[in-house]
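Chemist: kindly return the folded structure for what I paste below:
(one chain, ligands or ions: 2)
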Amino acid sequence: MTGTEAGQAPVLPPPTGQGSGTPGQNGTFMLDDESQLIDENAPPPNVGSEMACDGIDENGNGIIDDVDKGRDGLCDCLNIGFFGALASDNGNSTGAFETWLEARSDVPVTHIGARDTITADVLRPLQVLVIGNLRERGNAGFSAAELEAFRQWIEVEGGGVMSLAGYTANANDMAPTVALLAPTGISYDYQGRGPGVLGVVMNGPPPVIVNDITAPEHPSMEGIKALGVFNAYPVVGDGQVIVRSGEFNLAMAKELGAGHVFVFSDEWITQDVLWSPMMRPLTQCQQSCNQCANQCSNCETNCANCQLQPCQGGQQPPDGGTCARGCDQACTQCTNNCQTCEAACAACSALEQDQELDIPRFWLNTFRWLTPANECQVPVPTTIVY
Ligand SMILES: [Ca+2]
Ligand SMILES: [Ca+2]
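Modeler: Numbers count the residues shown, from 1 in each chain. Ligands and ions are numbered 1, 2, ... in the order given. This is a model prediction of the structure:
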């Protein structure tokens with residue numbers, strides 16, 4: 001009956017989007033909504049939902065300062081130090097890397113000069129130290145006190161070390177890095193290597209794409225199919241091998257006391273050319289695909305023009321029909337060529353997907369792994385904007 005329906009209408013649930021219940025319930029809904037933006041299955045809960053870098057676990061999930069207001073995967077409170085220069089001496093710029101980090105964090109990168117003395121006070125504020133080009137340190141090496149401060153910071157304070165290599169073409173420039181890494185049990189096989197290994201690119205421009213991820217289960221490799229190196233120094237020591245190419249170990253990871261160490265064979269993962277897809281040189285496949293697209297576009301224009309030519313023998317084309325023209329054969333030929341090159345392009349593009357570099361994801365994964373489990377841990381998003 002209409003009377004009953006009219007009576008029921010007012011008790012139907014109110015439309016969604018207008019809010020419901022008491023203001024207190026609204027507050028609860030807000031929290032629920034935010035937690036859906038991160039991995040709900042990840043224990044502990046609400047990771048990344050804190051708002052202030054204050055050394056306090058405001059959201060009570062056992063992680064101090066899990067702040068990531070932009071949900072970009074980089075903890076806003078992470079204290080990252082760069083030791084030495086990050087740009088390599090052949091003019092490859094690394095500005096994109098640092099700019100990208102600083103846009104996603106409230107804490108600017110701390111720069112430590114290659115000649116600076118390493119002390120407990122220098123290292124204490126940092127959670128992660130990225131070792132860059134230490135060539136300027138020359139033969140000075142590191143004192144026993146410096147190496148002990150470095151070891152203590154890792155093993156006792158839970159510091160995370162990311163070591164890079166191969167900034168110059170002179171193998172001896174690696175000596176300071178190798179000296180510093182002594183307390184970690186990991187090193188570089190650099191002597192007599194000249195500019196390094198894997199410096200010849202078979203297909204397309206640098207870097208050499210390496211697919212042999214030997215530890216895909218390692219947190220640093222989540223979602224990573226390939227990494228790029230160019231003139232690298234093999235990693236040696238007792239860490240877990242993460243990436244290999246032929247006989248060379250290209251990355252090792254190791255837990256050391258409370259801390260973490262990741263030693264990478266190269267510096268190309270900080271170069272602008274790898275960092276920004278816009279700046280990455282075209283691969284051979286991409287070049288062929290571009291050439292094919294031009295070819296097909298010209299063919300289309302030529303075939304359209306052909307239709308405007310007079311019919312063979314001077315007849316008029318029948319209504320709504322077509323007639324034979326002298327240019328028909330050329331048009332058929334270029335259309336066939338176009339189909340062939342489009343098929344080849346699709347095939348090589350499919351193969352290339354296995355070689356796709358996701359350098360920002362690798363860095364976010366690695367920063368997260370290098371940071372103590374109870375500090376500054378935030379989820380790495382499915383899609384990374386860069
Ligand atoms: Ca927390
Ligand atoms: Ca962030």
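
Chemist: contacts, neighbours, all on C-alpha from now
Modeler: Will do.

Chemist: please, where are all the strands along the chain?
Modeler: 80-83, 110-112, 128-131, 160-163, 186-188, 208-210, 227-229, 235-237, 240-245, 248-256, 259-264 (DSSP state E).

Chemist: for ligand 2, which of these is the nearest?
Modeler: Closest to ligand 2 of the strands of the chain, according to C-alpha to the ion: strand 80-83, at 13.0 Å.

Chemist: is ligand 2 contacted by the closest one?
Modeler: No. Judged by C-alpha under 5 Å from the ion, strand 80-83 stays clear of ligand 2, getting no closer than 13.0 Å.

Chemist: and that strand, what other elements does it pack with?
Modeler: strand 110-112, strand 128-131 (3 or more C-alpha pairs under 8 Å, 6 or more residues apart in numbering; DSSP states H and E).

Chemist: just put these in a markdown table and tack on mean neighbour count and mean pLDDT.
Modeler: Formatted as a markdown table, these follow (neighbours: other C-alpha atoms under 10 Å; pLDDT from 0 to 100):
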| stretch | mean neighbour count | mean pLDDT |
| --- | --- | --- |
| strand 110-112 | 16 | 96 |
| strand 128-131 | 24 | 98 |
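
Chemist: TSV for the strands of the chain, including distance to ligand 1?
Modeler: Formatted as TSV, the strands of the chain follow (distance: least, C-alpha to the ion, whole Å):
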stretch	distance to ligand 1
strand 80-83	20
strand 110-112	24
strand 128-131	19
strand 160-163	20
strand 186-188	33
strand 208-210	37
strand 227-229	32
strand 235-237	35
strand 240-245	30
strand 248-256	23
strand 259-264	20
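
Chemist: for Gln307, find the nearest of these.
Modeler: Nearest of the strands of the chain to Gln307, taken as C-alpha to C-alpha: strand 208-210 at 46.7 Å.

Chemist: just how off-centre is that closest one within its chain?
Modeler: 15 Å (C-alpha atoms, centre = their mean, to the nearest Å).

Chemist: picking that back up, in JSON lines, list the helices and strands packed on strand 80-83 along with distance to Asp72.
Modeler: What follows is the helices and strands packed on strand 80-83, written out as JSON lines (distance: least, C-alpha to C-alpha, whole Å):
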{"stretch": "strand 110-112", "distance to Asp72": "21"}
{"stretch": "strand 128-131", "distance to Asp72": "18"}
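
Chemist: go through the strands of the chain and name the closest to Val273.
Modeler: strand 227-229 (10.9 Å).

Chemist: list of residues touching the closest one?
Modeler: Applying C-alpha atoms under 8 Å, 6 or more residues apart in numbering, the contact partners of strand 227-229 are 198, 206-211, 265-269, 357-359.

Chemist: out of these, which is most surrounded?
Modeler: Ser265 (30 neighbours; other C-alpha atoms under 10 Å).

Chemist: phi first, then psi, for that residue.
Modeler: Dihedral pair for Ser265: phi -80, psi 0, per degrees, to the nearest 10.

Chemist: please name the residues that touch it.
Modeler: Ser265 makes contact with 164-166, 188, 229, 232-235, 249-251 under the criterion C-alpha under 8 Å, 6+ apart.

Chemist: same question, Tyr233
Modeler: Contacts of Tyr233 by C-alpha under 8 Å, 6+ apart are 165-166, 188-190, 193, 196-197, 250, 265-266.

Chemist: if I look at it, how far off is ligand 1?
Modeler: Computed as C-alpha to the ion, to the nearest Å, the Tyr233 to ligand 1 distance reads 39 Å.

Chemist: what about stretch 282-290, distance to the chain center?
Modeler: 22 Å.

Chemist: can you check stretch 293-309 too?
Modeler: 41 Å.

Chemist: okay, now the residue of the stretch 151-300 of the chain found nearest ligand 1: neighbour count?
Modeler: Residue nearest to ligand 1 within the stretch 151-300 of the chain (C-alpha to the ion): Gly158, separated by 17.9 Å. For Gly158, the count of nearby residues is 24 (other C-alpha under 10 Å).

Chemist: that one and Glu255 touch, don't they?
Modeler: No. If you go by C-alpha atoms under 8 Å, Gly158 and Glu255 don't touch, sitting 9.6 Å apart.

Chemist: would you point out the most distant pair within the contacts of strand 227-229?
Modeler: Applying C-alpha to C-alpha across the contacts of strand 227-229, the maximum distance is between Leu198 and Asp358, 19.7 Å.
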